[in-house]
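Visitor: Give the three-dimensional model of this entry:
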Amino acid sequence: MKALRPLFCLLGAGLFLVGCSDGPPPAEPEPLPPTPEAADEPPAIRADDASALNALTGQEVAVEGPVVRIGSTPNGDLTFLNFTPQRGGFTAVIHRSNYDSFPDGFGAYDGRQLRVTGLLEKYRDETPQIRVSVPEQLTIIEPRPTP
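Guide: Residues are numbered from 1 along each chain as shown. All right, here's what the predicted structure looks like:
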């Protein structure tokens, strides 16, 4: 009878508690696998964190921050999504050859909190940037406030 199993046994001069289970202890639960989004996306860096941007240059990253200005070159070959008001801050750059991928243009990103993913580069060894070629590299992460 299992109910009458001795709970204690006398070994030598001491009394020790003996386990009453019928088998090995239960295994630790398996950790949940990462979600596909978490597995595919690198950790985010703040757009105003210059030291992190410098340290991660040359790597695939996600950068988050508010788009403070949208501009373009005089000839229209490049569009810039600037994340800081001063020159030299993080910028997402879209080349004219990729404009067709953005049929609605870039105005929807103005003033929005945005996540940009891609290879972090330095323009002229100074300005951190990611070249954006498809809309999937840009994710609005905070809705625009309603008036």
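
Visitor: Just the mean pLDDT for the helix or strand containing Leu119, thanks.
Guide: For Leu119, the element it lies in under DSSP states H and E is strand 113-123. Average pLDDT, strand 113-123: 95.

Visitor: Partner strands of that strand, with direction?
Guide: strand 60-66 (antiparallel), strand 127-132 (antiparallel), strand 138-142 (antiparallel) (DSSP bridges).

Visitor: okay if I get those strands as CSV plus distance to Gly89?
Guide: For glycine as for every other residue, the C-beta is placed from the backbone atoms N, C-alpha and C. Formatted as CSV, those follow (distance: least, Cβ to Cβ, whole Å):
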stretch, distance to Gly89
strand 60-66, 9
strand 127-132, 7
strand 138-142, 17
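
Visitor: out of the ones you listed, deepest packed?
Guide: Highest mean neighbour count of the strands paired with strand 113-123: strand 127-132, a mean of 22 (counted as mean count of other Cβ atoms under 10 Å).

Visitor: can I have that strand written out in CSV, keeping just the CAs?
Guide: Only the C-alpha atoms of strand 127-132 are listed here, as CSV (Å, rounded to 0.1, in the frame of the first residue of the first chain):
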residue,chain,number,x,y,z
THR,A,127,25.7,60.5,-40.2
PRO,A,128,24.1,57.2,-39.1
GLN,A,129,21.6,56.1,-41.7
ILE,A,130,19.6,53.1,-43.0
ARG,A,131,18.8,52.9,-46.7
VAL,A,132,15.2,52.0,-47.1
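
Visitor: neighbouring contacts of it?
Guide: With contact meaning Cβ atoms under 8 Å, 6 or more residues apart in numbering, strand 127-132 is reached by 50, 53-54, 57, 61, 63, 81, 87-95, 98, 116-123, 137-138.

Visitor: Hmm, Tyr109 is touching Ile140, no?
Guide: Yes: applying Cβ atoms under 8 Å as the test, Tyr109 and Ile140 come out as touching, 7.1 Å apart.
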